[in-house]
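In: Sequence and computational prediction follow.
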Amino acid sequence: MFYHGGTALFNRDIKKRALLFAVCLAFALAPGALAESSGSSIDLTDNLANESGEGWSYDATTQVFTIANGANVTISGSILDGTRIVVANGATAVITLSGVNIDLRPSRCAFDMTGATVTLTLIGDNTLISGQNMAGLQVPSGAELTINGPGNLEAYGGSNGAGIGGGVNSAGGSITINGGDIKATGGSDGAGIGGGGDGEGGTIKITGGTVEANGTGNGAGIGGGRSDSGGDIEISGGHVTAKGDSNNVSGGGGAGVGGGGGDGPAPAGASGDISITGSAYVTATGGKGVVFGGGGAGIGGGGGNESDTGGAVESIRIDNLSNVQATGGAGGYPGAAIGTGGGGARGNFPAVDWVPPAPAQQDAPVKPKKDAPPPIVAVLYDVQKTGDAFSFKTIIANASSSLPGATVTVKLNDSYSATVTIGADGIGRGAIEAPGYSWNIANFYTRPNVQGAAGAASAYDIYTTGECVRR
């Protein structure tokens, strides 16, 4: 009995140890169970105590991961408790988002890079959601952001914030998208990509990737927030879909690409400078004007408030219209597909369509110049002296014909000369009275100066000068 009882106790102990091992193993393998931040890697769930690594630090009191100048860090993890990312003002950093999910509604900014320069690489699925007056990924004027794929990013601004760009009353900074799958949605009156409410679009360049940008309220899809200009927008590659808000509840609609819609006393935003070139494919839809507000242009100006014009066109360049689909938004006056926003219905402010510039006139091809005709040479001969008079004959030696009617001026010096006309026999005859002078006849076979046009006999004025010396 003792033997069997000991065996039973032994077996029970083995089972307990196995169960404990299984529990520990399950905990160890659970997502995030062993997650920690170290070196150049940040796990957002490792946020219970102050710590730091290569190029970053974490303050548990403020719940801020701060990225320092010169950092090259990878951030991962999903967090909903207020932890956020801030790149130090003035810093230049390289950051990789790998499976990041931050939701800081209603009052904080998920990723703030005010005053910083960041190269952002996306791996996997990433989501940034910010609270009121903040952009989902905050890139205000003075900041520079470059986004590279191959991963995805969804960025949602709070009320008055852009999806990617400026917060309330803030223009967007410099935003370049080279790749990735990007979806950016502004909060009420913010642009999808560009300015926050009452903020200009900033500088936006899209060279590749798939981009969906949605303005909300009066915000443009890409460009200005409520009542502000689109800024400088260059789209040279990728597939881009940009929409103003079709569910806008007040004032003019934002452009798909361009200016924000006007609201209240604030006028509509102008297009800014828009350039669509290269291999870019763009679909742009203007937002709806509400009550009496005008519709936003598909590409161009925002819709006007109820008693004002739509946003003007500052500059639009589209190299390949076949790659562009643009639709103006409905409203008091609908927005142009490409052109100005529609005006408010309380005035007479229809939209004005953009007219592509006429193709540049090419200069007519320059005809090659023919070789200049050889100079015409007058030859003097049969020079005779009788007293103080010198008689002579002249022909035009290298003319194609005798050119009757051509004139030849023979000049002894500044005081004595004679002009003769070539006769029908091709010879000109003349004489010069030159008291006290003699000629050196050998020097009269020299090339003359020629004025006039060949082929018109009466136009010739041929000068030949010999040597004349006082006797």
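Out: Arrived safely. Small disclaimer: the values here were computed from a predicted structure and weren't measured. Numbering: from 1, shown residues only.

In: give me the low-pLDDT residue ranges for this structure?
Out: 1-36, 364, 366-379, 381, 397-403, 412-414, 437-471 (pLDDT under 70).

In: Which strand runs longest in it?
Out: For the chain, the longest strand by residue count, based on DSSP state E, is strand 92-103.

In: strands paired with that strand, and their directions?
Out: Strand 92-103 pairs in its sheet with strand 72-79 (parallel), strand 117-123 (parallel), strand 127-129 (parallel), by DSSP bridges.

In: what does it rub up against?
Out: Outside strand 92-103, the residues that touch it by Cβ atoms under 8 Å, 6 or more residues apart in numbering are 44, 55, 67-80, 83-85, 87, 110-111, 116-129, 151, 153. Heads up, the C-betas are built off the backbone N, CA and C, glycines and all.

In: mind listing what's buried in it?
Out: Buried residues in strand 92-103, counted by 16 or more other Cβ atoms under 10 Å: 93, 94, 95, 96, 97, 98, 100, 101, 102, 103.

In: now stretch 175-189
Out: Judged by neighbour count using 16+ other Cβ under 10 Å, the buried positions of stretch 175-189 are 175-189.

In: what's the span of that stretch, first residue to last?
Out: 19 Å (Cα to Cα, to the nearest Å).

In: and the gap between the nearest residue to residue 298 once chain neighbours are set aside and residue 353?
Out: Computed as Cβ to Cβ, 6 or more residues apart in numbering, the closest residue to residue 298 that is not its neighbour in sequence is residue 326, at 3.2 Å. Distance, residue 326 to residue 353, using Cβ to Cβ, to the nearest Å: 11 Å.

In: any residues in contact with both of these two?
Out: Common contacts of residue 326 and residue 353, defined by Cβ under 8 Å, 6+ apart, comprise 337, 338.

In: If you count surrounding residues, which of the two has more?
Out: Just comparing residue 326 and residue 353: by other Cβ atoms under 10 Å the higher neighbour count belongs to residue 326, 26 against 14.

In: what sits against the more buried one?
Out: Residues near residue 326 by Cβ under 8 Å, 6+ apart: 256, 282, 283, 284, 285, 297, 298, 299, 337, 338.

In: Just those residues: which are in helices?
Out: Judged by DSSP state H, helices contain none of the contacts of residue 326.

In: got the contact list for residue 137?
Out: Residue 137 is in contact with 110, 111, 113, 128, 145, 153, 155, 163, 164, 184, counting by Cβ under 8 Å, 6+ apart.

In: If we use 7 Å, what do you get?
Out: Contact partners of residue 137, counting by Cβ atoms under 7 Å, 6 or more residues apart in numbering, are 111, 128, 155, 164.

In: out of those, which is most surrounded?
Out: Using other Cβ under 10 Å as the neighbour criterion, residue 164 leads the contacts of residue 137 with 36 neighbours.

In: so who does it touch?
Out: With Cβ under 7 Å, 6+ apart, residue 164 has these contacts: 135, 136, 137, 139, 155, 175, 184, 193.

In: Recalculate using a threshold of 6 Å.
Out: Residues near residue 164 by Cβ atoms under 6 Å, 6 or more residues apart in numbering: 137, 155, 184, 193.

In: hang on, the earlier thing: want to throw the contacts of residue 137 into JSON lines with secondary structure?
Out: Converted to JSON lines, the contacts of residue 137 look like this (DSSP: H, G, I helix; E, B strand; the rest coil):
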{"residue": "111", "secondary structure": "strand"}
{"residue": "128", "secondary structure": "strand"}
{"residue": "155", "secondary structure": "strand"}
{"residue": "164", "secondary structure": "strand"}
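
In: Can you say which two of the residues you listed are spatially most distant?
Out: 111 and 164 (9.5 Å; Cβ to Cβ).

In: count of residues packed around residue 333?
Out: Around residue 333 there are 28 residues (other Cβ under 10 Å).

In: Actually, residue 232.
Out: Neighbours of residue 232 under the rule other Cβ under 10 Å: 18.

In: State the phi and psi torsions of it.
Out: Taking degrees, to the nearest 10, you get phi -110, psi 110 for the backbone angles of residue 232.

In: partners of it in the sheet?
Out: Here residue 232, judged by DSSP bridges, has bridge partners residue 203, residue 273.

In: Please report how far it lies from residue 423.
Out: For residue 232, the distance to residue 423 equals 78 Å [Cβ to Cβ].

In: can you check residue 387 too?
Out: Distance, residue 387 to residue 423, by Cβ to Cβ: 25 Å.

In: Look at those two and report which has more neighbours.
Out: Comparing residue 387 with residue 423 by other Cβ under 10 Å, the one with more neighbours is residue 423, at 12 against 7.

In: Wait, a helix at that one?
Out: No: according to three-state DSSP, residue 423 belongs to no helix; its state is coil.

In: How about residue 225: what's its closest non-neighbour residue?
Out: Per Cβ to Cβ, 6+ apart, closest to residue 225 is residue 195, 3.8 Å.

In: What residues does the one you found make contact with?
Out: Counting by Cβ under 6 Å, 6+ apart, residue 195 makes contact with 166, 171, 172, 201, 224, 225, 228.
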